[in-house]
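> just coords:
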């Protein structure tokens, strides 16, 4: 009776009793087909152990316990949502290892580039995932507030001092988070090909770090826009403290309501909140805002392969309305608005490294985060950072940096200017330094 249970309701007179697999048997079966490397031991709600996988030095060994029978059924219904909610509620308990080890074990055994064409059991999608992408104005502001208007102290505890809440740029895996975020800003500034006195629009300016950086290193005027009141207050205070509030302004404004023109547009980590139904309007508006020789740099989370959906747990708890586009989705729509893609870079593992730093920093400040909110919130944040890190290290997520221009003559003929500018900004070593 360990693997099967009697289904009494289906029994009919004169027939043998019907049998069906128990939920834990179904779950263990799925996981045994998935996990070949590394060990997972599940202790079900009755205390029975279920061993999965095999020892592997490249993968962790993890033990988890289910506090009640409902955990198994939740995970079978929707793996990401069910496991996430059970972990948040303290009903899926990690007894050996930690939550990042569990998601690494699962994602690492299903690496995107090694999967076949057969649908992955872990993936779920549906109509609701697509309806949630309809980010009209009122919903956009509400969705942004859900995540970005959390306590500013929370972000101070795990981000770098400049509060860069987007993928860093790691010249090497040994680069510190603070240095990698500085390198990201220089990398983007170099692609913008800035000139003193130009007007720059920062769409989704966060806490103002990018706008202040561009003004400081390139002597440009910047308008940063956000839909987060918390971010707006911090950004304005930082501009005042730096004595540049006359040149670096921040406003609570939707990109659809901005008036130009601007010589440059930069958008970092905002496009994920636009939603495919609004892509054409977004790019059309950006083209309208740019001068004839204007340049735009879009930095966004993306996905390898074909368009997909955002998992239910992330939509519900972290980024309502959020969606990471495929490269084809971005380029097809931008081309239709005559905004020319002039450079494309795919950052493959940089966000995994960034998120792993954030995860460790959050762990170091667990007591403070739980004091700000509660243990359930902390477990939610852990699950978010751990799952995202694994998705970028093993799954189908990456980052795109796409440079756009209205004119094919807006930029130099080769990319050399990018490297030269990064070196000027002190974020790219010279060939001589690399050889030393």
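Received the coordinates, thanks. Computed from a predicted structure; not experimentally measured.
> ok, then the element right after the longest strand along the chain?
Using DSSP state E, we find that the single longest strand of the chain is strand 290-303. Proceeding N to C from strand 290-303, the next assigned helix or strand is helix 312-317, under DSSP states H and E.
> Going by neighbour count, list what's buried in that following helix.
312, 313, 314, 315, 317 (16 or more other CB atoms under 10 Å). Every C-beta, even on glycine, is put in place using the N, C-alpha and C of the backbone.
> For those residues, name the two members farthest from one another.
Spatially, the most separated pair among these is 312 and 317, at 9.3 Å (CB to CB).
> from the buried residues of helix 312-317, which single one is nearest residue 398?
Comparing these against residue 398 with CB to CB places residue 314 closest, at 16.3 Å.
> Quick check: which element contains the nearest residue to the closest one once chain neighbours are set aside?
In space, and not counting its chain neighbours, residue 314 is closest to residue 322: 6.7 Å by CB to CB, 6 or more residues apart in numbering. If you go by DSSP H and E, residue 322 is not part of any helix or strand.
> For residue 322, give me its contacts.
Residues near residue 322 by CB atoms under 8 Å, 6 or more residues apart in numbering: 143, 272, 273, 310, 314, 315.
> Would you mind measuring from it to residue 272?
Using CB to CB, to the nearest Å, residue 322 is found at 5 Å from residue 272.
> now residue 170
Counting by CB to CB, the gap from residue 170 to residue 272 is 20 Å.
> Which one's more surrounded, the two?
Counted by other CB atoms under 10 Å, residue 170 and residue 272 do not tie: residue 170 has more neighbours, with 23 against 18.
> Enumerate every residue touching that one.
Taking CB under 8 Å, 6+ apart, we find residue 170 in contact with 180, 183, 350, 353, 354.
> give me phi/psi at it?
Note on residue 170: its backbone torsions stand at phi -100, psi 110 [degrees, to the nearest 10].
> the bottom helix or strand of this protein by mean pLDDT?
Across the helices and strands of the chain, mean confidence by mean pLDDT, DSSP states H and E is lowest for helix 431-435: a mean of 40.
> for this protein, which spans come out with low pLDDT?
1-19, 116-149, 427-436 (pLDDT under 70).
> Need the single longest helix in it, by residues.
Longest helix in the chain, counting residues (DSSP state H): helix 375-393.
> Next, the angle from it to strand 290-303.
Helix 375-393 and strand 290-303 meet at an angle of 100 degrees, taking axes from the mean of the first three to the mean of the last three CA atoms, to 10 degrees as the criterion.
> Just give me how far helix 375-393 sits from the chain centre.
In terms of CA atoms, centre = their mean, to the nearest Å, the gap separating the centre of helix 375-393 from the centre of its chain is 11 Å.
> what does stretch 340-356 give?
Relative to the centre of its chain, stretch 340-356 is centred 11 Å away, using CA atoms, centre = their mean.
> Now do the end-to-end distance for it.
Across its full length, stretch 340-356 reaches 34 Å between end residues, using CA to CA, to the nearest Å.
> quick one, strands of the stretch 151-300 of the chain?
Assignment of strands within the stretch 151-300 of the chain using DSSP state E, counting those that start in this stretch yields the ranges 199-203, 221-226, 248-252, 262-268, 290-303.
> Format these as TSV; extra columns: distance to residue 234 and mean neighbour count.
Shown next, in TSV, are these (distance: least, CB to CB, whole Å; neighbours: other CB atoms under 10 Å):
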stretch	distance to residue 234	mean neighbour count
strand 199-203	14	24
strand 221-226	10	24
strand 248-252	9	20
strand 262-268	16	24
strand 290-303	20	21
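> Quick check: bridge partners of the closest residue in space to residue 265 that isn't next to it in sequence?
Leaving aside its chain neighbours, residue 265 sits nearest to residue 296 (4.1 Å; criterion: CB to CB, 6+ apart). Going by DSSP bridges, residue 296 is paired in beta bridges with residue 265, residue 404.
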